[in-house]
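[1] no sequence on hand, only this structure:
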């Protein structure tokens, strides 16, 4: 059975939605890395208020639905003069939400840094920031990379939430095409292929990284950080 001609003619709409989905995923992943590292640094600081802020941020993002967080940001942005920018609200919501999990993945994999490495660095007179940048962070990222790539695939599958604030991402574009063509099966099949076109390269990259870089201690993934908690 071939595709309906109306579906073929609607491919540009689906391609535009796919490009927005890719953009949202990249922006969300960038925000996840930035917010995750910032939250981790705040948790490790000696300044108590910063630690409390980081824990509050992580608890809020992990303890409330991503949809609620998106609405909060969407309605809060006009208060600072950034109203009417649903794409910004969606990218921030995805980045902030995923950043909380990224922070916990990184924190969980701090165990790869042995006490002897810290003691040797201190004996050499290295300051704390240099120990973190040159010794701790590279090893922590290496151990966390498979779990982080998995987190970013989850982020990709969260992008359809952006449709509730009128961002025409891939799923929303598919719904628009269905409303015109009444061919839901064919359209949803194309939408699924669009997500796979983004997710599969990331999944295979994660598998490749896992094969080439196996840490000696268990890697903390989202499956652990989500125990007993709902997104």
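    Looks like it arrived, so ask away. Given the structure is predicted, the values throughout are model-derived calculations rather than measurements.
[2] can you pull the contacts of residue 160?
    Applying Cβ atoms under 8 Å, 6 or more residues apart in numbering to residue 160 gives the contacts 169-172. Bear in mind the C-beta positions are built from the backbone N, C-alpha and C, glycine included.
[3] mind picking the two most distant members of the residues you listed?
    Greatest spatial distance among these (Cβ to Cβ): 170 and 172, at 7.4 Å.
[4] so for those two, which sits in the more crowded spot?
    When residue 170 is set against residue 172 and neighbours are counted by other Cβ atoms under 10 Å, the residue ahead is residue 170, at 28 against 20.
[5] which ones are touching the more buried one?
    Residue 170 is in contact with 14, 17-18, 20-21, 159-160, 191, 194-195, counting by Cβ under 8 Å, 6+ apart.
[6] could you redo the last one with a cut-off of 6 Å?
    17-18, 21, 191, 194 (Cβ atoms under 6 Å, 6 or more residues apart in numbering).
[7] can you check residue 97 too?
    Neighbour list for residue 97: 61, 66, 69 [criterion: Cβ under 6 Å, 6+ apart].
[8] please identify which of these is nearest to residue 207.
    For these, the residue nearest residue 207 by Cβ to Cβ is residue 66; the value is 26.4 Å.
[9] nearest residue to the closest one other than its sequence neighbours?
    Leaving aside its chain neighbours, residue 66 sits nearest to residue 97 (4.8 Å; criterion: Cβ to Cβ, 6 or more residues apart in numbering).
[10] now swap in residue 32 and tell me
    Residue nearest to residue 32 in three dimensions, not counting chain neighbours: residue 98, with 3.7 Å by Cβ to Cβ, 6+ apart.
[11] so where does that neighbour fall, helix or strand?
    Element membership of residue 98 [criterion: DSSP states H and E] is helix 86-108.
[12] quick check: pLDDT value at the residue nearest to residue 83 when sequence neighbours are not counted.
    Distances taken as Cβ to Cβ, 6+ apart put residue 77 closest to residue 83, at 5.8 Å, once the chain neighbours are dropped. Here, the pLDDT recorded for residue 77 equals 90.
[13] quick revisit: now the helix holding residue 98: average pLDDT?
    pLDDT averaged over helix 86-108 gives 92.
[14] could you point out which element follows the helix or strand that contains residue 178?
    Assigned by DSSP H and E, residue 178 belongs to helix 170-181. Under the assignment DSSP H and E, the closest C-terminal helix or strand after helix 170-181 is helix 184-212.
[15] distance from that next one to the middle of the chain?
    Relative to the mean C-alpha coordinate of its chain, helix 184-212 is positioned 16 Å out (Cα atoms, centre = their mean, to the nearest Å).
[16] in that helix, which residues are buried?
    By 16 or more other Cβ atoms under 10 Å, the buried positions in helix 184-212 come out as 186-187, 190-191, 194-195, 198-199, 202, 206, 210.
[17] just stretch 160-168 next, same as before
    By neighbour count on 16+ other Cβ under 10 Å, the buried set for stretch 160-168 is 160-163, 165, 167-168.
[18] that one: end-to-end distance?
    Terminal residues of stretch 160-168 lie 9 Å apart, using Cα to Cα, to the nearest Å.
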